[in-house]
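Undergrad: When you get a sec, could you give me coordinates for this:
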Amino acid sequence: FLLRKEYKKTEDIKSVFDSRENKLVAEYWGKNLFRRLDLLDFACIEQSNTPEFFRNFYKELEVKSIIGVPIKREQEKWGMLVLSELNGAREWTHEEKNLLKLISDQIFIAIKQAELLETTKQAARKEQFLAEITSIIKGTLDIEEILELISRKIKNFYNVDKVVIDTRSVQKIKLISETPVILQKEDYKLLERISDNISIAIRDSHLYTKSKFMADVSHELRTPLAIIDGYINNLLNREEFSMEITDKYLNIIKKNSQRMTHIIENFRTLSQLESYNEDYIPLFTDINAEKLINNVLQIQQTFKNSKKIVFETECNSSINFKGNEILMEQALLNLISNAVNYSNEESKVIVKAEKTDTGTAISVQDFGCGIEEHHLKNIFRRFYRADKSRSRETGGSGLGLAIVAEIAKMHNGKITAESEVNKGSTFILEIHG
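TA: Numbers count the residues shown, from 1 in each chain. Here you go, the predicted structure:
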């Protein structure tokens, strides 16, 4: 910290202060003021017993006399206060020296107060930031929404390019930036507190999700059970039924029992997928996209195809990606089955695979009834149905797309949908890597 009298030779001063000698002069002052003395003064620098570089430095600045005191308190050193006399040699009086020491002490106090104020402001800002994070967590039990909002908050707070939150890692929060990010000890503590809050949010979300899931499953099973119970009672309470009525009732009972089986099987599948953690890592191998599509279409064609749906494929035989083949077959089969169920008779379904900048995209396109836009953001939630009556007609469990979403997540990918009412839908499964 250098105070000096300004004068006309500004450019000359700048060139001197940018030179190597400036560093040597600063080191000389520091060594003498901080290690040996509490004050250093030279009535006439040119005749002083100082190193040559020191005398030459001030000679070039036309400084004749100089005095300096450290800005410090006990062992805490902050800088130094140096005054220069340009008009000629000068003996610094005892009063001037004491005054300079007093000014130095006041500068130190002002600096510490400013630092304390800044520290207080930073602490208040971080507490406010943490309060906003807590508010986000309390505002919803949707863990995906929580992580997205928290990532955005952290990104803005630390002014970084990207924030990655890995819920399975010990270091949950990672800041990514092209420019270096300097974090203080308090920042690490803050991020640790946010990580703890995220862990609590995940736990609460899982508990809520399991509870809601069980309630949803019970609700979904209640309908087919009630239908089965009703028709069985009809059969038991009447002595005679025509063969036609009996067959009709038995087919209804069979259809609803199959629906219950389908719900329970999908429930088990989704539960297994959601319990995925570091202790269970599915086997990933090289998968050929064309072979995968053909295998799934062969499975699909073993099912009854009363609608006479025509399947078309668009895929380069060289497209490969890393994944779990069994899970990918299940995800694609769910998408193709959905496309068939919601297609019109004698329509077609197009299955396409292509390479993208981030990996591989497999899409399934139908030309059926389509989905209204306001439903699209919810269709991957379990038991969500855009058209409840049609879904029940097709025997859907309401879990197929939720299963696809979980499989996509396990492959570090995502599932999205595009649709237009009465024109059809396209589901795109993106696998990264």
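
Undergrad: okay, CA-based contacts and neighbour counts for the rest of this
TA: Fine.

Undergrad: And for Ile111, the neighbour number?
TA: Burial measure for Ile111: 14 neighbouring residues, criterion other Cα atoms under 10 Å.

Undergrad: okay, it: pLDDT?
TA: According to the predicted model, the pLDDT of Ile111 comes to 85.

Undergrad: Helix, strand or coil: sort out it for me.
TA: Ile111 carries the three-state label helix when classified by DSSP: H, G, I helix; E, B strand; the rest coil.

Undergrad: Pro180 belongs to a strand, doesn't it?
TA: No - the assignment for Pro180 (three-state DSSP) gives coil, which keeps it out of a strand.

Undergrad: For it, give me phi and psi.
TA: Geometry field for Pro180 lists phi and psi as phi -60, psi 140, criterion degrees, to the nearest 10.

Undergrad: would Ile287 count as being in a strand?
TA: Yes - applying three-state DSSP, one finds Ile287 inside a strand.

Undergrad: can I assume it is in contact with Ser317?
TA: No - taking Cα atoms under 8 Å as the definition, Ile287 is not a contact partner of Ser317, at 11.1 Å.

Undergrad: quick one: which of these two has more around it?
TA: Taking other Cα under 10 Å, Ile287 and Ser317 do not tie; Ile287 has more neighbours (16 against 11).

Undergrad: Quick one: mean pLDDT for the helix or strand containing Ile252?
TA: Take DSSP states H and E as the rule and Ile252 turns out to sit in helix 243-274. Taken as a whole, helix 243-274 has an average pLDDT of 77.

Undergrad: so what does that helix touch, helix or strand wise?
TA: For helix 243-274, the packing partners by 3 or more Cα pairs under 8 Å, 6 or more residues apart in numbering; DSSP states H and E come out as helix 185-237, helix 400-410.

Undergrad: most packed of those?
TA: When you average the neighbours per residue for each of the helices and strands packed on helix 243-274 (mean count of other Cα atoms under 10 Å), helix 400-410 leads with a mean of 22.

Undergrad: Send me it as PDB with only the CA atoms.
TA: Output for helix 400-410, consisting of C-alpha atoms alone and laid out as PDB, is shown next (Å, rounded to 0.1, in the frame of the first residue of the first chain):
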ATOM      1  CA  GLY A 400     -44.800 -48.100 -19.300                       C
ATOM      2  CA  LEU A 401     -43.500 -44.600 -20.000                       C
ATOM      3  CA  ALA A 402     -42.300 -44.200 -16.400                       C
ATOM      4  CA  ILE A 403     -40.200 -47.400 -16.900                       C
ATOM      5  CA  VAL A 404     -38.800 -46.000 -20.200                       C
ATOM      6  CA  ALA A 405     -37.800 -42.800 -18.300                       C
ATOM      7  CA  GLU A 406     -36.000 -44.800 -15.600                       C
ATOM      8  CA  ILE A 407     -34.100 -46.900 -18.200                       C
ATOM      9  CA  ALA A 408     -33.100 -43.700 -20.000                       C
ATOM     10  CA  LYS A 409     -31.800 -42.200 -16.700                       C
ATOM     11  CA  MET A 410     -29.800 -45.400 -16.000                       C
END
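
Undergrad: let's number from 317 now, not from 1
TA: Okay, using 317 as the starting number, the last item reads as helix 716-726.

Undergrad: Distance from the chain centre to that helix, please.
TA: Helix 716-726 has its C-alpha centroid displaced from the chain centroid by 19 Å (Cα atoms, centre = their mean, to the nearest Å).

Undergrad: taking the mean pLDDT, what do you get for that helix?
TA: On average, helix 716-726 scores 84.
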